[in-house]
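Got a sequence here, can you model it:
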Amino acid sequence: MSKIGYDLVAMAVGKSPETESNDQLATVEPEILEEYAGDYELAPGIALTFIHRGGRLFTCGPGQPEVEIYPRSETEFFMKVVEGSVKFVRDSVGTVSGIVVQQGGRNIAATKIR
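Model prediction:
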């Protein structure tokens, strides 16, 4: 099983091992976090949900607990419970249109569906 698989299994059973991170936190305005909130389809019928609450951003997959993600920049966020990051992508008119999940040496694109 890949590192991604192990990380997903750990999250599914409620484990939250903290990973070391030297990342500095960026400041992201609440209005921008609200633009990131929504569902992003990784594959047909499989979506990641992003929730903006209290000036913070959280994510969860199907049947998984919410985890907080932390801003490295205005568009890139990292996780402490698994090694990985999420970059939010805008289209040519500036609307948030998707994400790129970077984990385990892979980049996985997802389209915003809601």
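
Surely Val89 is in a strand?
Yes: according to DSSP: H, G, I helix; E, B strand; the rest coil, Val89 belongs to a strand.

Use 30 as the first number from now on
Yes, from this point I'll number from 30; that puts the last item at Val118.

Mind pulling up the pLDDT for Lys109?
Looking at Lys109, its pLDDT stands at 89.

pLDDT-wise, which helix or strand of this structure ranks last?
helix 32-41 (a mean of 53; mean pLDDT, DSSP states H and E).

Now the element after it, going C-ward?
Where DSSP states H and E defines the elements, the next helix or strand beyond helix 32-41 is helix 59-65.

what's in contact with the helix or strand harbouring His81?
According to DSSP H and E, His81 maps onto strand 75-82. With contacts defined as Cβ atoms under 8 Å, 6 or more residues apart in numbering, strand 75-82 is touched by 59, 62-63, 65-71, 86-91, 95, 98, 128, 130, 139, 142. Every C-beta, even on glycine, is put in place using the N, C-alpha and C of the backbone.

So which bits of stretch 127-138 are buried?
Of the residues in stretch 127-138, Gly127, Ile128, Val130, Gln131, Gln132, Ile137 count as buried by neighbour count, 16 or more other Cβ atoms under 10 Å.
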